[in-house]
Every structure is written in structure tokens, then in C-alpha cells.
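A.B. asks: Build me a model:
(chains A and B)
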Amino acid sequence: MTSSRVPRILIVDSEPRWSQAAKRALREQGKYNVESVADIKAALDFSRANDFDLILINAALALGRDKSKFEEIVCLYPDKVLVISDVRSISTAIKVFKMGADYAEKPFEPRRLVELVANRLQQAYGATI
Amino acid sequence: MEMFSQGRPRLLIVDDQKNWREALCDMLDPVYEIATATSYEEAKRQLWQRAFHVLVADQRLVDADVTNIEGILLLDEVAKLRDGTQTIIVTAYPTVEAAKEALRGRDPYAYDYLLKRPEEGGPFNIRQYRARVKEAVEKAIQLRQKATTLDFSVSAVVAGLTYDWIAEILFPGDTITHGIREDVRQIIHRLLYPFQPIAPGIGNAWSSEPDQFCEILCWSRGHGQAVLVRVGKEQCSLNARQVEWLKHNWRLVKYEELLSVPIMGVSYTIDGMAFEDCASLVDNKKHGK
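C.D. replies: A predicted model of the protein is given here:
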């Protein structure tokens, strides 16, 4: 990704209120292009058709019955998938790390989410974003 | 020849607490050959001395130090080995950060991170532990079978070094004792573990005599990689500059590269024959010429 491009973020969560709040908080920053989908199958279709810089996936969806599709997403986007867990769970984190993705607890406040995303993108691309 | 034998899968179990160290051994089927270590240093030493299929390491190796994650630091050593050894971290003090350190970006040598006290409660999950060890051993065997694709750029090899020269490289500044010479011998053993001998009967001329050269000719067939530690009691015409060259080229060389290494073709002769013709050397050896 070049510094001139607007980072693209995909939010995958079946909880519409959280998805909407997250999308709004990130869009308010005015520097991200944010999409959201409610299930892993749609996420896989979306990630095949687009080029995302960060994909935030709800842990319950990632490790649920569509786990193999989640694994495909991780293969498509190594180091760009962040699994967000509703509750702090070391077992979930271990599963996620073993599958090659990263793990974080779901931030309650939109401000924390914005920080989390900014940190992730900065880690991935340096200080240009 | 011992170094190439498959034998029983070998495990190294590391825990500073005696009861856990013994339990982690006792819970496993008796099909494994198990070595144990109580500290980071001891485990590190053993890892470099012998090839293990699986390392099972407790995360905190100094119980009194709550920040200690030396078990995880052992993964850095396993990473350097690059021989397919698999690692399972066990811990009673799991954190997301430690699990991440133990698992993320550590393919293909980090296998699992197991909790001594499961999150959902109850005792250590013995069935899961046994299964993970078994799977990890299988993965190690699989990786070793295609070992050369793992890029064995570990400091392998050399022609014409005595044990003492090798010891100088590996243990710079140390006084070279019999113990160090023995370590060097073990290390060479371990480096050569994934390779096949070029021909039967070659590769077993071991000695820890200070000026005795060892003789090993191994070749990972079909992958263009050779391991060659050729040496012998007989005179060889290495001058100081050539010795320096060898010290700086202590590494795995490709077979083709091997043939073009000047020291072998030009200065080094065995039984009156230039070294560059490796294959005919082996043939001659076989026929006792």
C-alpha cells in the first residue's frame, strides 16, 4: 500500500449495533474506507474481491462453524486479520494465534477502537498513516 | 551409524519444578526417549547437543520471577536449529502476550501453548497433552523428511577443520577442554543428523583428540547440498590463510559450490587425489584404494 491510498478496513461482526458504531467511529476519522459484513461467508467473498489493509473479525464468527472460510481469509490476508473477542479468553487467543491471525479484546468505547486500528495500521505500514 | 538412525522419537522436557517435570514425563506413553532439563541454560545446551523431535518447555523457568518467560525464549534457539524440532509451551501463568510471543510468526517450529490449569477449570488436560506431543512428533518427522527444503543455513560445514579449530569458532575465548571437544563432537553430530552418508562406512571416524581430524562425508541426495567434514591424521597442506578462509566459510555449502571451493581442489588431497572429485573419492574409499 502506498501512503497516498486511503486504508481500507473490513469489519466482520454479526452484532449490527457494534458494527455500525465501529464503522461510524472510524469513518469520522476521515481517513479510512470502512466496510462491514455480518458473516464469514460474506467476508470471504468481500476479501476476495477487494484489497483490505485490515480485517477485524468477531471471534465467535471466526472460530464458529465457518472456521475453514476464516482460515481462507487469513491465507489471503496474512498479518492483516485481527480477531476481536467479546470476552477476554486466553484459549480463544491461543486458537487465533495458531491459525495465524492476531487477537484483541473488543473495545467498548469507539475511541479505543480507533486507537486500536491506528496502532495496527501503523505497525503494518509505519508512520505514514 | 547412530547419528542417522531414526530410533524412538526424542523429547526434551524442561520445567524448573520437579513435580511438573516428572509429571510431564510420566503422562506420556513409554514410546519416547525423554531427556529433561531444569533451566534455560541446561535446555539450550541439550538442544544444541542432540536432535530432539519435540521440546516441551514450561513458560516460567524461574519460579520466583513472575516476569520470567525463559521457556518461550528457548523458541529462539529452536528457530536457529532449523531442523524441524517442534515446541510446546506449557504454563500455569498464561497471558495473551506470552501466548502471542510463543505462537505468532513462529511457523514452522511452534506447535502449541497448553495451560496447566485450563481456563474452563479442572485439572491439566492429559489427553490433550498426549495428543499434541504425538502430533508434534509426527510433524517433526515430516519436516525432517523434507529437511533440505527448510534451508539448512545453520552453520554446517567445513572441510579440514580440527575439533579445536571448530571449538574456537563456537566457544571463542574459552579454554579448550576435553568437555568442549566433546561438545563440538556432539554439535557436529547434531548438524549432520538430517543428512545421509554418501556411502556406507563413511562418517564414523570420530575422535576427540586435539589434533585428530574427523572424517565425515555426507550428502543430502538430490538436493544439491553436501555436508563435508573431511579430515584425517595424514598431512594436509593447509596454510594459515586457508585456515582463516575455512573459519569464515563455516556454513552449509551447495554441492556444486563445494566442488569449486579452492581449498579442496587446489590444496587438499587425499590419497594423492584432488578433492574436487568427490564421487570418485567415495568410490575409491569403498574399494579400499
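A.B. asks: Next to chain B, which bits of chain A? Give me the list.
C.D. replies: Applying Cβ under 8 Å from any Cβ of the partner chain, we find that chain A lies next to chain B at A:R88, A:S89, A:I90, A:S91, A:A93, A:I94, A:F97, A:K98, A:G100, A:D102, A:Y103. No exception for glycine: its C-beta is placed from N, CA and C like everyone else's.
A.B. asks: what residue ranges in the stretch 1-150 of chain B score low on pLDDT?
C.D. replies: Scanning the stretch 1-150 of chain B for pLDDT under 70 picks out B:1-6, B:82-83, B:144-150.
A.B. asks: Next one: whichever residue of it sits closest to chain A from A:Q29, what distance?
C.D. replies: Using Cβ to the nearest Cβ, the closest approach of the stretch 1-150 of chain B to chain A is made by B:L103 at 3.9 Å. Noted for B:L103: a distance of 31 Å to A:Q29, by Cβ to Cβ, to the nearest Å.
A.B. asks: Compare neighbour counts for the two and give me the winner.
C.D. replies: Between B:L103 and A:Q29, counting by other Cβ atoms under 10 Å in any protein chain shown, B:L103 is the more crowded of the two (25 against 11).
A.B. asks: PyMOL command for the buried members of the residues of chain A next to chain B?
C.D. replies: Selection of buried members from the residues of chain A next to chain B for PyMOL, criterion 16 or more other Cβ atoms under 10 Å in any protein chain shown:
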select buried, chain A and resi 89+90+93+94+97+98+100+102+103
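A.B. asks: Among the residues of chain A next to chain B, which one lies nearest to A:V6?
C.D. replies: A:D102 (22.0 Å; Cβ to Cβ).
A.B. asks: quick one, what contacts the closest one?
C.D. replies: Applying Cβ atoms under 8 Å, 6 or more residues apart in numbering or on different chains to A:D102 gives the contacts A:D79, A:V81, A:L82, A:V83, A:V96, A:R120, B:K100, B:R104.
A.B. asks: how does it look with 10 Å?
C.D. replies: A:74, A:79-84, A:93, A:96, A:120, A:123, B:100, B:104 (Cβ atoms under 10 Å, 6 or more residues apart in numbering or on different chains).
A.B. asks: quick check, nearest of these to A:A21?
C.D. replies: A:I84 (12.9 Å).
A.B. asks: shouldn't the closest one be in contact with A:A22?
C.D. replies: Yes: counting by Cβ atoms under 10 Å, A:A22 is a contact partner of A:I84 at 9.2 Å.
A.B. asks: shared neighbours of these two, anything?
C.D. replies: With Cβ under 10 Å, 6+ apart as the test, A:I84 and A:A22 both reach A:I11, A:D13, A:L56, A:K106, A:P107, A:L113.
A.B. asks: Now intersect those with the strands, please.
C.D. replies: A:I11, A:L56 (DSSP state E).
A.B. asks: can you give me the helices in the stretch 1-150 of chain B?
C.D. replies: Under the criterion DSSP state H, counting those that start in this stretch, the stretch 1-150 of chain B contains helices at B:18-26, B:40-49, B:70-81, B:96-103, B:126-145.
A.B. asks: buried residues in the longest one?
C.D. replies: Within helix B:126-145, the residues that qualify as buried are B:Y129, B:R132, B:V133, B:K134, B:A136, B:V137, B:K139, B:A140, B:L143, B:R144, counting by 16+ other Cβ under 10 Å.
A.B. asks: Which elements pack onto that helix?
C.D. replies: strand B:10-14, helix B:18-26, strand B:54-58, strand B:86-91, strand B:110-115 (3 or more Cβ pairs under 10 Å, 6 or more residues apart in numbering or on different chains; DSSP states H and E).
A.B. asks: Just say which of those is most tucked in.
C.D. replies: Stretch with highest mean neighbour count among those: strand B:54-58 (a mean of 27; mean count of other Cβ atoms under 10 Å in any protein chain shown).
A.B. asks: who are the neighbours of that one, in terms of helices and strands?
C.D. replies: Partner elements for strand B:54-58 (3+ Cβ pairs under 10 Å, 6+ apart): strand B:10-14, helix B:18-26, strand B:33-37, helix B:40-49, helix B:70-81, strand B:86-91, strand B:110-115, helix B:126-145.
A.B. asks: Would you mind getting the angle between the third one and strand B:10-14?
C.D. replies: Relative orientation of strand B:33-37 and strand B:10-14, computed by axes from the mean of the first three to the mean of the last three Cα atoms, to 10 degrees: 20 degrees.
A.B. asks: quick check: angle from strand B:33-37 to helix B:70-81?
C.D. replies: Relative orientation of strand B:33-37 and helix B:70-81, computed by the same axes, to 10 degrees: 120 degrees.
A.B. asks: Minimum distance to chain B, which residue of chain A gives it?
C.D. replies: Closest point on chain A to chain B, by Cβ to the nearest Cβ, is A:F97, at 3.9 Å.
A.B. asks: wait, what's in contact with the residue nearest to A:E72 when sequence neighbours are not counted?
C.D. replies: Among residues not flanking A:E72 along the chain, A:L44 sits closest, at 5.7 Å (Cβ to Cβ, 6 or more residues apart in numbering or on different chains). Applying Cβ under 10 Å, 6+ apart, we find A:L44 in contact with A:V12, A:V37, A:D66, A:S68, A:K69, A:F70, A:E71, A:E72, A:I73, A:L76.
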